[in-house]
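In: with the input below, show me the fold.
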Amino acid sequence: MSAEPVGPVPPATATDDYEVIHLGGEAAAVVPLDEFRRLKALEQAASPEALDAAEAAAASAALDEWEAAGRPGAMSHEDFMAEILGDVQ
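Out: Numbers count the residues shown, from 1 in each chain. Here you go, the predicted structure:
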């Protein structure tokens with residue numbers, strides 16, 4: 001598996017402070033290991049409600065970035081919602 005940097009990410013995204021790469025067909029942000037550990041600790045300490053809210057915010061941010069990028073590889077609304085909600089078959 002190889003990691004390749006991608007082109008610029010649309011402005012005002014959650015990845016502004018990180019390098020974004022494609023790894024195995026997925027986009028990934030390169031973050032400092034200390035920050036990754038802190039995020040994992042926060043995730044483990046969070047309530048189920050907080051985790052649900054964070055997942056909803058992440059899905060909304062993904063939709064905003066997709067729209068800002070001009071809907072690359074546009075798919076139907078139903079297919080996109082299934083993908084971001086984890087219902088891909």
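
In: against which helices or strands is the longest helix seen in the chain packed?
Out: Taking DSSP state H as the criterion, the chain has its longest helix at helix 48-68. Applying 3 or more CB pairs under 8 Å, 6 or more residues apart in numbering; DSSP states H and E, one finds that helix 48-68 contacts helix 77-84. For the C-beta atoms, the positions are set from N, CA and C on the backbone; glycine is no exception.

In: that older thread, report the distance from the longest helix of the chain to the chain centre.
Out: The chain centre lies 8 Å from the centre of helix 48-68; the measure is CA atoms, centre = their mean, to the nearest Å.

In: equivalent analysis for stretch 37-52, please.
Out: Put simply, stretch 37-52 sits 16 Å off its chain's centre (CA atoms, centre = their mean).

In: angle of the longest helix of the chain against helix 77-84?
Out: Interaxial angle, helix 48-68 versus helix 77-84 (axes from the mean of the first three to the mean of the last three CA atoms, to 10 degrees): 130 degrees.

In: tabulate the CA atom coordinates of helix 48-68 in PDB.
Out: Only the C-alpha atoms of helix 48-68 are listed here, as PDB (Å, rounded to 0.1, in the frame of the first residue of the first chain):
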ATOM      1  CA  PRO A  48     -22.800   8.100  23.700                       C
ATOM      2  CA  GLU A  49     -24.600  11.300  23.100                       C
ATOM      3  CA  ALA A  50     -21.400  13.200  22.600                       C
ATOM      4  CA  LEU A  51     -20.200  10.500  20.200                       C
ATOM      5  CA  ASP A  52     -23.400  10.700  18.200                       C
ATOM      6  CA  ALA A  53     -23.200  14.500  18.000                       C
ATOM      7  CA  ALA A  54     -19.500  14.300  16.800                       C
ATOM      8  CA  GLU A  55     -20.500  11.700  14.200                       C
ATOM      9  CA  ALA A  56     -23.300  14.000  12.900                       C
ATOM     10  CA  ALA A  57     -21.000  17.000  12.800                       C
ATOM     11  CA  ALA A  58     -18.400  15.000  10.900                       C
ATOM     12  CA  ALA A  59     -21.000  13.800   8.400                       C
ATOM     13  CA  SER A  60     -22.200  17.400   7.900                       C
ATOM     14  CA  ALA A  61     -18.600  18.600   7.400                       C
ATOM     15  CA  ALA A  62     -18.000  15.900   4.800                       C
ATOM     16  CA  LEU A  63     -21.100  17.000   3.000                       C
ATOM     17  CA  ASP A  64     -20.000  20.600   3.100                       C
ATOM     18  CA  GLU A  65     -16.600  19.800   1.700                       C
ATOM     19  CA  TRP A  66     -18.100  17.600  -1.000                       C
ATOM     20  CA  GLU A  67     -20.400  20.400  -2.100                       C
ATOM     21  CA  ALA A  68     -17.600  23.000  -1.900                       C
END
